[in-house]
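Enquirer: sharing a model prediction with you, sequence too.
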Amino acid sequence: MKLVYFFLLSIVVISCQNQGKMDIQAAKKATVDSMKVVNEKQRVIDSMKLEIVKIEEAKIETKKEVIVVNQQAPSSTTTTTTTKKQGWSNTAKGAVIGAGVGAATGAIISKKKVQGAIIGGVAGAGVGAGTGAILDAKKKKD
């Protein structure tokens with residue numbers, strides 16, 4: 001009879017150990033799946049940032065130069081003035097891009113979507129403006 005109890009007890013212990021291993025494997029799979037989802041969302045965000053940069057570059061390239069020609073009497077010389085419209089500073093671009101990316105990331109990560117978007121947007125704008133200011137200072141130095 002003791003042998004039967006020992007046998008039943010060992011079966012229960014072994015089955016509980018297998019269940020623990022299955023739970024660990026399920027948790028690992030869930031973690032890997034959630035990481036894949038986060039990576040996919042980040043890939044989408046990165047592609048959106050790239051498209052925004054391309055659009056901004058296209059806008060800058062399409063800005064036209066204005067050439068003003070003042071003609072006086074035929075015997076006098078002609079004066080040509082060129083005025084070029086300036087684009088955004090790196091600080092402004094960094095703040096806008098950082099705010100957009102931060103808001104999107106905050107909304108994706110946070111359980112409270114609006115609060116996460118606001119916090120992420122503010123943090124992203126700060127980091128982007130700081131990075132842009134560094135680039136502006138470097139450009140001014142050169």
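Expert: Yep, it's here.
Enquirer: got the contact list for residue 133?
Expert: Neighbour list for residue 133: 90, 91, 94 [criterion: C-beta atoms under 8 Å, 6 or more residues apart in numbering]. To be clear about C-beta, it is placed using only N, CA and C from the backbone, and glycine gets the same treatment.
Enquirer: what sits closest to the second one if chain neighbours are left out?
Expert: With C-beta to C-beta, 6 or more residues apart in numbering as the criterion, residue 91 has its nearest non-adjacent residue at 3.8 Å, and that residue is residue 132.
Enquirer: can you tell me which residues contact the one you found?
Expert: Counting by C-beta under 8 Å, 6+ apart, residue 132 has contacts 89, 90, 91, 92, 93, 94, 95.
Enquirer: let me have those in CSV, extended by secondary structure and distance to residue 37.
Expert: CSV is the format used below for the contacts of residue 132 (DSSP: H, G, I helix; E, B strand; the rest coil; distance: C-beta to C-beta, whole Å):
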residue, secondary structure, distance to residue 37
89, coil, 36
90, helix, 33
91, helix, 34
92, helix, 33
93, helix, 30
94, helix, 28
95, helix, 29
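Enquirer: of these, which is the nearest to residue 25?
Expert: Using C-beta to C-beta, residue 94 is the member of those that lies nearest residue 25, at 43.9 Å.
Enquirer: wouldn't the closest one be in contact with residue 136 here?
Expert: No - counting by C-beta atoms under 8 Å, residue 94 sits too far from residue 136 to count as a contact (9.0 Å).
Enquirer: which one's more surrounded, these two?
Expert: Neighbours per residue, other C-beta atoms under 10 Å: of residue 94 and residue 136, the larger number sits with residue 94, 24 against 16.
Enquirer: ok, the more buried one - contacts?
Expert: Applying C-beta under 8 Å, 6+ apart, one finds that residue 94 lies in contact with 127, 128, 129, 130, 131, 132, 133, 135.
Enquirer: go again with 10 Å.
Expert: With contact set as C-beta atoms under 10 Å, 6 or more residues apart in numbering, residue 94 has these partners: 88, 124-136.
Enquirer: and residue 43, how many neighbours?
Expert: By other C-beta under 10 Å, 10 other residues sit near residue 43.
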